[in-house]
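Participant: build me a model from this:
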Amino acid sequence: MSQERLMKVLLAPHVSEKTTNSADSDNQFVFKVMTDATKKEIKNAVELMFDVKVDSVNVMNMKGKTKGRFGGRRAHWKKAYVKLEQGFDIDYMGAE
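Facilitator: Here you go, the predicted model:
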């Protein structure tokens, strides 16, 4: 795995009320990732970009929603639940 590939694996954090609660209680964070990314690539990408230790990674393939009367469709995407080891944290805002 090259560093170039790892830098492209994570697309964006998936922020919602549910993910915020799981980050506070379970030390688990959710990311939108590339559709062809593997668990090992996701783990290495998170460890590289945020300088943390990852305990486990679970992934889900999300189906795109159908929109409109004429069969428009949003794109399929992949979501990764990343659980960090005890004592590590990710701060998206960079606040101190």
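Participant: what mean pLDDT does whichever helix or strand I42 is part of get?
Facilitator: Using DSSP states H and E, I42 falls within helix 39-50. The pLDDT scores in helix 39-50 average 95.
Participant: contact partners of it?
Facilitator: 1, 3, 5-7, 9-10, 29, 31, 33, 37, 52-54, 57-59, 80, 82, 90 (C-beta atoms under 8 Å, 6 or more residues apart in numbering). In this view, the C-beta of every residue, glycine as well, is placed from N, C-alpha and C.
Participant: now that helix, how far from the chain's geometric center?
Facilitator: In terms of C-alpha atoms, centre = their mean, to the nearest Å, the centre of helix 39-50 is found 10 Å from the chain centre.
Participant: next SSE after that helix?
Facilitator: Note on helix 39-50: by DSSP H and E, the next helix or strand toward the C-terminus is strand 54-62.
Participant: show the model's pLDDT score for G94.
Facilitator: Predicted confidence (pLDDT) for G94: 60.
Participant: what ranges does the chain have for its strands?
Facilitator: Ranges of strands in the chain, per DSSP state E, are 10-13, 28-33, 54-62, 66-67, 72-73, 77-84.
Participant: mind checking which helix or strand of the chain has the lowest mean pLDDT?
Facilitator: helix 17-26 (a mean of 86; mean pLDDT, DSSP states H and E).
Participant: who does that one touch, helix- and strand-wise?
Facilitator: Here helix 17-26 touches strand 28-33, going by 3 or more C-beta pairs under 8 Å, 6 or more residues apart in numbering; DSSP states H and E.
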